[in-house]
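Chemist: next one to model:
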Amino acid sequence: MDKQKPPLPIDYSKPVAYDVNGQPLYAHPPVNQADDLINNQTVHLMRPSEPARQIISDATKLKNRQSKKIFPGLNLSEGEYVIKSISRNLIGLVVPMALGLIMIIIVFIFLFNLDLFMSTFQSSGVSIDSSVIMFPAIIFIGLVLVGMYVNYHVYTSNKFFLTNESVVQETQTSLFSKREQTVSLINIEDVSYIQSGIIQQIFNYGSIRLSTEGEETTYRFVYVSSPKETVATLNNAVEAFKNGRAVSED
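Modeler: Just a heads-up that it's a prediction; the model follows:
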């Protein structure tokens with residue numbers, strides 16, 4: 001009696017028939033409904049309606065109250081406190097402030113020698129009242145002073161805060177334009193700094209850069225004093241937070 005030959009494997013890449021329109025029809029392996037249910041199973045996580053309240057030590061509560069008192073503009077959560085406040089180095093104000101002072105000095109030199117200029121005009125037959133010149137000059141000095149104050153206020157309002165939970169960056173681009181960004185320490189992937197040129201090396205300032213996971217967002221803060229030490233503190237805080245350790249203030 002002849003043994004029955006095993007069936008040949010089906011090549012699912014080749015058509016087994018054609019429909020009335022001449023389109024190829026392919027054979028497919030049978031689908032196991034049980035396996036299909038397992039592969040498409042959805043897991044639902046239940047969140048308790050009343051989560052357990054986090055226990056916060058008295059020392060942390062005290063630091064939280066002190067941080068809220070010193071930095072009232074920050075939105076700190078319960079148990080969150082500021083570890084390091086980073087401001088811009090004042091060297092970034094040297095150029096705009098110097099230009100403002102030069103313009104004011106030029107105007108004062110002109111006013112102190114106003115009699116000389118008036119005599120020059122009178123000798124040429126032109127009569128000009130001194131008040132016509134002094135009033136615009138005083139207005140100009142006032143505008144320069146206001147501009148210098150606005151520049152100083154906008155520059156110094158750019159701040160960077162490190163807390164035991166997150167990093168907060170306050171960005172002031174103009175007198176009436178301000179933005180605040182908060183990034184959790186667990187989302188920070190890389191922290192680095194750069195110092196370019198001999199001036200930054202001499203006065204020990206530079207730029208720090210933070211990159212986050214997922215969206216790959218980059219945050220930059222310029223004119224930072226002692227950027228190397230600042231980056232070291234940020235890296236230590238990120239590492240401690242991700243490893244479940246208390247974030248140190250050192």
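
Chemist: so where is this protein shaky, pLDDT-wise?
Modeler: Scanning the chain for pLDDT under 70 picks out 1-52, 120-131, 214-216, 249-250.

Chemist: just give me the longest helix of it.
Modeler: In the chain, taking DSSP state H as the definition, the longest helix is helix 130-156.

Chemist: in it, what counts as buried?
Modeler: Buried positions in helix 130-156, judged by neighbour count with 16 or more other C-beta atoms under 10 Å: Ile133, Ile141, Val144, Met148, Asn151, Val154, Tyr155. C-beta here means a position set from N, CA and C on the backbone, and glycine is covered the same way.

Chemist: quick check: the gap between the residue positioned nearest the centre of the chain and Glu170.
Modeler: Centroid check for the chain by C-alpha atoms, centre = their mean gives Tyr219 as the closest residue, at 4.0 Å. Here the criterion is C-beta to C-beta, to the nearest Å. By it, Tyr219 lies 12 Å from Glu170.

Chemist: contacts for the helix or strand harbouring Ile199, please.
Modeler: Under the criterion of DSSP states H and E, Ile199 resides in helix 197-203. Helix 197-203 has contacts (C-beta atoms under 8 Å, 6 or more residues apart in numbering) with Asn89, Ile91, Gln195, Gly206.

Chemist: the third one contacts Gly206, correct?
Modeler: Yes - at 3.7 Å, Gln195 counts as touching Gly206 under the criterion of C-beta atoms under 8 Å.

Chemist: spit out the residues that contact those two alike.
Modeler: By C-beta under 8 Å, 6+ apart, Gln195 and Gly206 have these common neighbours: Pro227.

Chemist: using the record's assignment, carve the protein into domains.
Modeler: The chain breaks down into these domains under automatic domain parsing: 77-89+158-242, 94-154.

Chemist: make TSV from those domains and add distance to Leu62 to it.
Modeler: Below are those laid out as TSV (distance: least, C-beta to C-beta, whole Å):
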stretch	distance to Leu62
domain 77-89+158-242	9
domain 94-154	32
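
Chemist: and among the ones you listed, the most buried is which?
Modeler: Scoring these by mean neighbour count under mean count of other C-beta atoms under 10 Å gives domain 77-89+158-242 as the most buried, with a mean of 16.

Chemist: can you give me the helices in this structure?
Modeler: Using DSSP H, the helices of the chain run over residues 33-39, 58-70, 94-112, 114-123, 130-156, 197-203, 227-242.

Chemist: out of those, which is closest to Phe176?
Modeler: For Phe176, the closest of the helices of the chain is helix 130-156, at 10.0 Å, according to C-beta to C-beta.

Chemist: got the angle between the closest one and helix 94-112?
Modeler: 170 degrees (axes from the mean of the first three to the mean of the last three C-alpha atoms, to 10 degrees).

Chemist: next up, the contacts around Arg88.
Modeler: Neighbouring residues of Arg88 by C-beta under 8 Å, 6+ apart: Tyr155, Thr156, Asn158, Lys159, Val222, Tyr223, Val224.

Chemist: with Val146 as the reference, measure out to the nearest residue to Gly73 once chain neighbours are set aside.
Modeler: Among residues not flanking Gly73 along the chain, Glu170 sits closest, at 7.7 Å (C-beta to C-beta, 6 or more residues apart in numbering). As judged by C-beta to C-beta, Glu170 and Val146 stand 23 Å apart.

Chemist: no further questions, thank you.
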